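# build me a model from this:
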Amino acid sequence: MIIPSKMKKGKKICFNIFLCLIGQIIQIFLIGIIELYFKRKQNFMSRISPEEAKSAISAQSWNEQRQFIEHIEELLMDEDEVITIEEIQICFNVLSKYLSDKNKDCVQRSMKIIEALCNSMKENGISTNVSTIFKSVFQCLNDSRPNIREQSTKTINSLCTISTFSLFTKNTSELALSFLPEGKLNVLQILQNHQDELTYEEWNHILVFVIQSYEDKSQAIKSRAQDLTKCETFIQVLRRNFDKLNPSQKKLFQGMIDKLSKPAEDSKIDHQEVQLPRNVDPKLPVIDLNTSAFSRRQRQGEFKESDGLFLITDVSTFIPFMHRLSLDVRDVFDDEVSEKLLSQQSLVRVIAVDHLRDIFDSSIKNFENSIDIVLRWCVIQFLGYQLNVSQASLRLLTDLFDRCSDKFILTSKEVHIIVPVILWCTATESEAFSYLLQQIRRLSKEKDFNQSLLMSLSLDHSAVITHIFDELKKSTQLDTIEGQLKELCVEGCYMVRNGCQKLLKKLAPMSPRRAQSGKDNVSRLQYYIQLIKSNPDDVDDSHAVFGFLLDYIERKPTDPREIRYLLYCMHAFLSEPYLVDGINQNDFATLVSALCEFSLDCPLDFSDALLSIGFVIVSIHANITIFEALINFIGQHINDQTRRSFAFQTFTIGIQLIAVSQDSSDLLQLRTFAKSVIAQNSSKDDLRAILCRSLLAEIFSLENQQKNDLDLFKSFDDFSALRQQSSTNVLSEVDVNGQSASVLVSSDDLSDFLKILQRINRQDSRTEGIRELINFDERFTGMKIIDTISSLSPLLRKDIENMRNRGTNSRPSSRNSYRGEESNDLNRSFGNKYSRPTSRSSSRQPSVGHDTNARSKTQSGRPSSRSSNNRNFNKNNW
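This next block holds a predicted model:
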């Protein structure tokens, strides 16, 4: 079939049209895809356009800056589209400029945005260079505003999660050296939180900063730097760079390197050396305060003695008290210190304590002339909830009170304000406040201190009342408050009445004593022995019994039967705390003198029994009155006295027991007494000089021990090592086969451990605390608890070793084990070994042990393991 040419031409045209349509469709499709791509890209870029970023960087007003910040906040809140790396980089460039702005709102919100951006990067796996923004945030740690510093710490922690901690250490080496004290504290705090993760290179970065912080005058900065220097890696870096240190720094850290490189040697005690007070830099310029002794006396009329008590019992007194205090603070201190002292921020007040320390270090007169203001300010801190401010204030007072001049005396109003608050704080069993109370006693008049104690009875708190009467028992001038004690015997509660009655018994005279002697004194002694051993509470008048025994000893009986019953009855009486509590301290000195006179004529068979009574006496009152009585007797009979005499051995036992219930004021009196005796009897072989030199050595050892223990507990408070472990409550131990095992330690165990440390820090319960520490260590074998603590306190190690050495040979005694025994069963010994009392209450327990199977007992004339002279004691003495 022949197709016409026109038809062919028409088909060709249709085919071409079809091809054109297909080409146009493909072109439209491709153009749509390209337009969609560029449209989406244009939409992405429009979220933060270059013009907007440029405008945000050049913004000067807070309103313009806030618009950009709010835009970023909207992007972060957009859940449909994740913020990209390009957007984050633009934000960092703008916000780094905002961080240097003077407007605190702009700075704080910028850092919050940065923190949120870091969290977004971490969640979405985005990474970028943050070194520039890190440096800007790091500089905010040195801001004068505490809220900015706190936020910068949070932001830096977020930046560290998306980068390396090396950025922080590098900025520390470059910028932190010029920071203010507040900024340095923040840097050190962050370093403390990451010290376990620091690499060798990072320690190299911060070495210079840590060393300069270690030398800083601020105690807070120095304390945190000391924590960092205990890290082993720091010691290694320090050794590598030791040659780069200046001479003063080499001298400062040489001891630390030597201590860790070889075992610490036992410290040698110079018996003649006296501990010096804390060194004060003589180059410190004196800072003048707007106060004087006259101004201090004038301010006394502006407050009342009851202000401290009412701060606890009446909330309405707080506002007028603070108003008066703020006026006095602004009158005496400059504006900068005043603002910090009166700040609402706890960290600022801690810094204010450092400023006060600098002021008072330059001149102790500044402290003495402004003590009324400092005490009132510290009272507010003690009653507050900020523990860091309370601890800093407490350390300030205790440190400065130790440096006050001998003539400095607290006024009556100052004592009445501070004592009730201290007693209230001791209700929490804080040993540090108890030490402050002893300092107040030493620096005040006895009458003012006793009256402030009685005033504090109105707190009506059982723990406080108990502590008050414990303090009043130590008083030597109870006659100044005799009238008030009689009133309280009528008006007070049972607990107060009972305590006042015991104190009044101490004031009662011992006469008449001679009229009590009868024909059958042995029967009377037997009756008293049975009564004391069976139920001492039935003794109606302990004064009468004590007077009878004292009178009997002064008559110096010669009949062995009478002597046996007399000494046994005296020992039983002195071993009962309930009976001894009502005896005046001066009457014990009379008893010691009578026993010394009796020892001259006493048969040798009863010498050990007589010495055991001397042991009980000095375990109750190892104070200056007893030592004076013994020294006076030795002086009167110097030709008859030897090292085996009753007076000499009793004095020696007393030296070893002065650690029981001795505060700093007692040690100071004993030291003065010992020096006076040595000066009057300078002969090398004089027994009095020998005893007093031993007394001085023991005092020096105790003071060093107290200092080491105080440093130990400060380290626990500052670093909170145990409390950090309580969050996990998991400790690991190594069993006998060397395999690691996990031991669950409850919060109760950690609490018990802290209480044990508190007992060790107290002189009256030190021995008991050491014994409990040994038992606690045995419960967690492999933990090396004792080794860790002993490394911080070498003297404590020596006490622990002594306790372990004599632990197997000594047995506790209890008066309850003797009740119900026949009174005529006296053919038994006082005990096989003397042991040091563990507390003030337990120190009056008898050192008597009964053993019906034993034929003889061996006892030591001295109560500690240092004794080498043992005697065989015949039970037929009784």
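# helix/strand/coil for the closest residue to Arg804 other than its chain neighbours?
Using C-beta to C-beta, 6 or more residues apart in numbering and skipping residues adjacent in sequence, the residue nearest Arg804 is Ile774, 6.6 Å away. C-betas here are computed from N, CA, C, even on glycine. At Ile774 the chain is in helix, as set by DSSP: H, G, I helix; E, B strand; the rest coil.
# ditto for Thr291
Note that with three-state DSSP, the state of Thr291 is coil.
# quick one: residues contacting Tyr528.
Applying C-beta atoms under 8 Å, 6 or more residues apart in numbering, we find Tyr528 in contact with 545, 548, 569, 572-573.
# buried among the residues you listed? Need that as a selection in PyMOL.
Remark: buried members of these, expressed as a PyMOL selection using 16 or more other C-beta atoms under 10 Å:
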select buried, resi 545+548+569+572+573
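# quick one: which of the contacts of Tyr528 is nearest Arg149?
The nearest member of the contacts of Tyr528 to Arg149, counting by C-beta to C-beta, is Phe573 at 65.4 Å.
# could you check the pLDDT of that closest one?
Looking at Phe573, its pLDDT reads 88.
# any idea which element it lies in?
Element membership for Phe573 (DSSP states H and E) is helix 560-574.
# where are the low-confidence patches of the stretch 651-800 of the chain?
659-665, 706, 708-748, 751, 761-764, 782-783, 791-795 (pLDDT under 70).
# just to revisit the earlier point, quick one: mean pLDDT over whatever helix or strand comes next after the helix holding Phe573.
For helix 560-574, the following helix or strand on the C-terminal side (DSSP H and E) is helix 577-580. Per-residue pLDDT over helix 577-580 has a mean of 80.
# name the helices or strands packed onto helix 577-580?
Packing contacts for helix 577-580, counted by 3 or more C-beta pairs under 8 Å, 6 or more residues apart in numbering; DSSP states H and E, involve helix 542-554, helix 560-574.
# can you name the next helix or strand after it?
helix 585-601.
# check which residues of that next one are buried.
Those would be 585, 587-589, 591-599, for helix 585-601 by 16+ other C-beta under 10 Å.
# now render those residues as JSON lines, adding distance to Lys506 and pLDDT.
Formatted as JSON lines, these follow (distance: C-beta to C-beta, whole Å; pLDDT from 0 to 100):
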{"residue": "Gln585", "distance to Lys506": "8", "pLDDT": "72"}
{"residue": "Asp587", "distance to Lys506": "9", "pLDDT": "80"}
{"residue": "Phe588", "distance to Lys506": "11", "pLDDT": "82"}
{"residue": "Ala589", "distance to Lys506": "13", "pLDDT": "84"}
{"residue": "Leu591", "distance to Lys506": "14", "pLDDT": "88"}
{"residue": "Val592", "distance to Lys506": "17", "pLDDT": "89"}
{"residue": "Ser593", "distance to Lys506": "19", "pLDDT": "89"}
{"residue": "Ala594", "distance to Lys506": "19", "pLDDT": "90"}
{"residue": "Leu595", "distance to Lys506": "20", "pLDDT": "91"}
{"residue": "Cys596", "distance to Lys506": "23", "pLDDT": "92"}
{"residue": "Glu597", "distance to Lys506": "24", "pLDDT": "90"}
{"residue": "Phe598", "distance to Lys506": "24", "pLDDT": "90"}
{"residue": "Ser599", "distance to Lys506": "27", "pLDDT": "89"}
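# out of those residues, who's nearest Ser326?
Closest to Ser326, out of all of these and judged by C-beta to C-beta, is Gln585, at 44.8 Å.
# and the gap between that closest one and Val286?
44 Å (C-beta to C-beta, to the nearest Å).
# what do you get for Ser682?
Distance from Ser682 to Val286, by C-beta to C-beta: 41 Å.
# does anything pack onto the host helix or strand of Ile190? Which helices or strands?
Per DSSP H and E, Ile190 falls inside helix 181-193. In terms of contacts (3+ C-beta pairs under 8 Å, 6+ apart), helix 181-193 is packed against helix 146-162, helix 166-175, helix 200-214, helix 219-229, helix 346-362.
# I'd like these as a markdown table, with mean pLDDT and distance to Thr398 appended.
Output for the helices and strands packed on helix 181-193, formatted as a markdown table (pLDDT from 0 to 100; distance: least, C-beta to C-beta, whole Å):
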| stretch | mean pLDDT | distance to Thr398 |
| --- | --- | --- |
| helix 146-162 | 85 | 27 |
| helix 166-175 | 87 | 33 |
| helix 200-214 | 87 | 23 |
| helix 219-229 | 84 | 13 |
| helix 346-362 | 88 | 12 |
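# pipe those into JSON lines and attach distance to His194 and mean neighbour count per row.
Listed next are the helices and strands packed on helix 181-193 as JSON lines, based on distance: least, C-beta to C-beta, whole Å; neighbours: other C-beta atoms under 10 Å:
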{"stretch": "helix 146-162", "distance to His194": "8", "mean neighbour count": "19"}
{"stretch": "helix 166-175", "distance to His194": "8", "mean neighbour count": "19"}
{"stretch": "helix 200-214", "distance to His194": "9", "mean neighbour count": "19"}
{"stretch": "helix 219-229", "distance to His194": "11", "mean neighbour count": "19"}
{"stretch": "helix 346-362", "distance to His194": "20", "mean neighbour count": "21"}
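# which ones are touching Lys755?
Counted by C-beta under 8 Å, 6+ apart, Lys755 has zero contacts.
# closest to Pro247 out of the helices and strands packed on helix 181-193?
Nearest of the helices and strands packed on helix 181-193 (C-beta to C-beta): helix 200-214, 13.2 Å.
# what is the burial count for Thr650?
27 (other C-beta atoms under 10 Å).
# next: Ile690.
18.
# secondary structure element for it?
Judged by DSSP H and E, Ile690 forms part of helix 687-719.
# the closest residue to Ala59 other than its chain neighbours sits in which helix or strand?
The spatially closest residue to Ala59, leaving aside those adjacent along the chain, is Gln65, at 4.9 Å (C-beta to C-beta, 6+ apart). Assigned by DSSP H and E, Gln65 belongs to helix 62-77.
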